[in-house]
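S.K.: Build me a structure from this.
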Amino acid sequence: MRSRSGIQGVASSPILVGAVTVLVVIIAVFLAYNANNGLPFVSTYNLKAQVPNANALVKGNEIRIGGTLVGTVRAVVPVQLEDGRTAAELSLSLEKSAEPLPVDSTIMIRPKSALGLKFLQITPGDSSEGFAAGSTIPLKAARPEPVDIDQFFSMFDEPTRKAIRQSQAGFGTALAGRGPQLNEAFGSLRNLALVAGAPLRTLVAPSTNFAGFWRALQNLSATVAPVAQTQANLFAALDSTFGAFARVSRPYIQETISKSPPTLDAANEDLPVLRPFLHNSERFFTALKPGAKALGDTSPVIAASLHAGVPVLNASPVLNNQLEPTAQALLDFQEAPGVIPGLELLTDTNRTLDPALRFITPAQTQCSYFTLVFRNLALSTGGGNDYGHWLNAFTFAPPTGANNEGSPAAAPANGPEPANHLHYNPFPNTGAPGQTNGCEAGNEKYAKGETVIGPAAEVWGTNTTKAEEE
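M.R.: Numbering: from 1, shown residues only. Sure, this is the predicted structure:
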């Protein structure tokens, strides 16, 4: 009875009930105010982290791992690094469940909403070693901050918006009234895809060294980087060139475009016939590779030639006016009597020369004999010393004996001196039809004390200097 009476006494006291209520409210407000800093009397796993730029990350922002809230940011202060740069240091209060955080973990400041609210995302690593409480996550663990929506839209400044409007107006003008042509182009894409399969397979084949083309393009870009100003001047000159083209765009260039479809149809018929020529051109350009490499030394001359060509292009309308009568004259010549029979005779001549060309061609394509002749001729007349060129400075003493090279001969030289023996091969093997592969001329071993007419008994190899370089 006393206990119940005591409870009734407390409940019946308004002052005591009011005091308890105020105390509960104060405790609730205190807990709500300090909720961002963690609940009192709850142990936490405290770390510090360095980031290049806090960028609107403030005290009380959330820390998340895999989207789950694991702590809050307690403080953000600027710090100066050893190299003089300024960074931000974050004080992190994490739940004990996150301890220990692997040392290879990464951090990233990410936006939580479009209004600018941020949070710190931690991506744990897989290291067996973790950060001890109070440690600092180094700056190298920070990852770039994602681009905010305001940063994205800030790139559309006034010059950019003006350029976009001009581009849209230009594209609209370019496409206006060309619907049928676009439809026809789209319809032709299917045929293009079917026909382009074989060339593309050839292009990416290992034998074409397509990857080498891109490496060469990279080297070319590195080479032209020091002449960027020259390239800028080139584009300025091109502006003048295209301005000249604009003045003759109608009717000359317009007529050229309108007559291009029949020209393309004719090209589709002729290109299969030209395929052997293109194949041989590939070999030809391979042989021109050293010359193309030497173009680096002549680029200033080429640049000067391009500058000098601008007045010529400005005067090109006069030439264009003369092209149409010339083309008409060519058409009249084509239709003249005797032209077709003449072309047929030329075709027969080519067929007649074909076996001889097949026999002679490997001497250059496989052995580079013609290239070597001109190279050696250039070296003999271009190199030398103070006494003259090698061709003038060197003298050769012929061997002694009957029928030697220094006097008229009635028969091949055949001794008695060991050096007085003729070695002559009138038809060396070059890989021509009916011959074995190999470049025999220039590779024959000298048989001392023997006269050899025809193929040598032994050769040093089957390649010329050019073939070995390749």
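S.K.: what's the spacing between the biggest strand by length in the chain and its chain's center?
M.R.: When the chain is parsed with DSSP state E, its longest strand is strand 68-80. Its chain's C-alpha centre and that of strand 68-80 lie 44 Å apart, by Cα atoms, centre = their mean, to the nearest Å.
S.K.: buried ones in whichever helix or strand comes after that strand?
M.R.: Downstream of strand 68-80, the next assigned helix or strand under DSSP states H and E is strand 86-94. By neighbour count on 16 or more other Cβ atoms under 10 Å, the buried set for strand 86-94 is 88, 89, 90, 92, 93, 94. (C-beta placed from N, C-alpha, C; glycine too.)
S.K.: The stretch 351-470 of the chain: strands as residue ranges?
M.R.: Secondary structure of the stretch 351-470 of the chain (DSSP state E, counting those that start in this stretch): strands at 384-385, 388-389, 423-424, 452-453.
S.K.: where among those strands is the average confidence lowest?
M.R.: When the strands of the stretch 351-470 of the chain are compared on average pLDDT, strand 388-389 comes out lowest at a mean of 64.
S.K.: Could you tell me the average pLDDT over the longest helix anywhere in the chain, please?
M.R.: When the chain is scanned for its longest helix (criterion: DSSP state H), the result is helix 260-287. The pLDDT scores in helix 260-287 average 84.
S.K.: how far is stretch 209-216 from where the chain is centred?
M.R.: 8 Å.
S.K.: Equivalent analysis for stretch 185-194, please.
M.R.: How far stretch 185-194 lies from its chain's middle: 27 Å, per Cα atoms, centre = their mean.
S.K.: I'd like the average pLDDT over that stretch.
M.R.: For stretch 185-194, the per-residue pLDDT averages 82.
S.K.: Could you do stretch 18-31 as well?
M.R.: 68.
S.K.: what does stretch 426-440 give?
M.R.: Averaged over stretch 426-440, pLDDT sits at 76.
S.K.: So what touches it?
M.R.: For stretch 426-440, contacts defined as Cβ atoms under 8 Å, 6 or more residues apart in numbering pick out 355, 358-363, 366-367, 369, 425, 441, 444, 454-456, 459, 462-464, 467.
S.K.: Stretch 319-331 too?
M.R.: With Cβ under 8 Å, 6+ apart as the test, stretch 319-331 has contacts from 248, 252.
S.K.: coming back round to it: out of the contacts of stretch 426-440, list just those in helices.
M.R.: Secondary structure assignment by DSSP H places 355, 358, 359, 360, 362, 363, 369, 467 of these in helices.
S.K.: Now the buried members of these.
M.R.: Using 16+ other Cβ under 10 Å as the burial test, those include 362, 363, 369 as buried.
S.K.: Next one: residue 249 relative to residue 257, how far apart?
M.R.: Going from residue 249 to residue 257 by Cβ to Cβ, to the nearest Å gives 10 Å.
S.K.: More neighbours: which of those two?
M.R.: residue 249 (13 against 9; other Cβ atoms under 10 Å).
S.K.: Need the phi and psi values for residue 118.
M.R.: Backbone geometry at residue 118, expressed as degrees, to the nearest 10, gives phi -120, psi 160.
S.K.: contacting residues around it?
M.R.: By Cβ under 8 Å, 6+ apart, the contact list for residue 118 reads 55, 56, 57, 58, 61, 109, 110, 111, 112.
S.K.: Most neighbours among those, please name it.
M.R.: Of all the contacts of residue 118, the most densely surrounded is residue 109 (24 neighbours; neighbours counted as other Cβ under 10 Å).
S.K.: close enough to count as contact, residue 283 and residue 366?
M.R.: No - counting by Cβ atoms under 8 Å, residue 283 does not reach residue 366; the two are 9.8 Å apart.
S.K.: Which one's more surrounded, these two?
M.R.: Between residue 283 and residue 366, residue 366 has the larger neighbour count (other Cβ under 10 Å), namely 20 against 13.
S.K.: Could you list the buried residues of stretch 336-352?
M.R.: Buried residues in stretch 336-352 (16+ other Cβ under 10 Å): none.
S.K.: any idea of the mean pLDDT in it?
M.R.: 85.
S.K.: so which strand or helix has the residue most central in space within the chain?
M.R.: In the chain, the centroid-proximal residue (Cα atoms, centre = their mean) is residue 214; its distance is 4.7 Å. In this assignment (DSSP H and E), residue 214 forms part of helix 210-224.
S.K.: Equivalent analysis for residue 183, please.
M.R.: Element membership for residue 183 (DSSP H and E) is helix 179-203.
S.K.: and that helix, what does it pack onto?
M.R.: Applying 3 or more Cβ pairs under 8 Å, 6 or more residues apart in numbering; DSSP states H and E, we find helix 179-203 packed against no helix or strand.
S.K.: which residues are in contact with that helix?
M.R.: 175, 208, 210.
S.K.: Of the ones in helices among the contacts of stretch 426-440, which one scores lowest on pLDDT?
M.R.: Ranking the ones in helices among the contacts of stretch 426-440 by pLDDT, residue 467 lands last with 43.
S.K.: What is the neighbour count of the closest residue to residue 245 other than its chain neighbours?
M.R.: Excluding the flanking residues, the one nearest residue 245 by Cβ to Cβ, 6 or more residues apart in numbering is residue 253, at 6.7 Å. Using other Cβ under 10 Å, residue 253 has 13 other residues around it.
S.K.: measure stretch 402-416 end to end?
M.R.: This stretch, stretch 402-416, spans 8 Å end to end (Cα to Cα, to the nearest Å).
S.K.: For the protein, which residues score under the pLDDT cut-off?
M.R.: Low-confidence regions of the chain, defined by pLDDT under 70, span residues 1-13, 16-17, 20, 27-42, 114-115, 145-152, 382-396, 466-470.
S.K.: Kindly recompute the last result at 90.
M.R.: Of all residues in the chain, those with pLDDT under 90 make up the ranges 1-63, 66-72, 74-90, 92-101, 103, 107-121, 125-128, 130, 132-470.
S.K.: what's the domain layout of it?
M.R.: Structural domains annotated on the chain: 2-33, 43-146, 230-336, as defined by automatic domain parsing.
S.K.: quick one on the thing from earlier: nearest to residue 24, of the ones in helices among the contacts of stretch 426-440?
M.R.: Top of the list for closeness to residue 24, among the ones in helices among the contacts of stretch 426-440 and by Cβ to Cβ, is residue 467 at 99.1 Å.
S.K.: sorry, back to before: tell me the angle of the longest strand of the chain relative to strand 86-94?
M.R.: Per axes from the mean of the first three to the mean of the last three Cα atoms, to 10 degrees, the angle that strand 68-80 makes with strand 86-94 is 150 degrees.
S.K.: Strand 68-80 packs against which elements?
M.R.: strand 45-51, strand 62-65, strand 86-94.
S.K.: returning to that earlier point: next, the buried residues of the helix or strand following the helix holding residue 214.
M.R.: Next in sequence after helix 210-224, counting helices and strands by DSSP H and E, comes helix 228-247. For helix 228-247, the neighbour count (16+ other Cβ under 10 Å) marks 237, 241, 244 as buried.
S.K.: Just send the contacts of helix 179-203 back as a markdown table, with neighbour count and distance to residue 380 too.
M.R.: A markdown table is the format used below for the contacts of helix 179-203 (neighbours: other Cβ atoms under 10 Å; distance: Cβ to Cβ, whole Å):
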| residue | neighbour count | distance to residue 380 |
| --- | --- | --- |
| 175 | 11 | 63 |
| 208 | 13 | 37 |
| 210 | 12 | 40 |
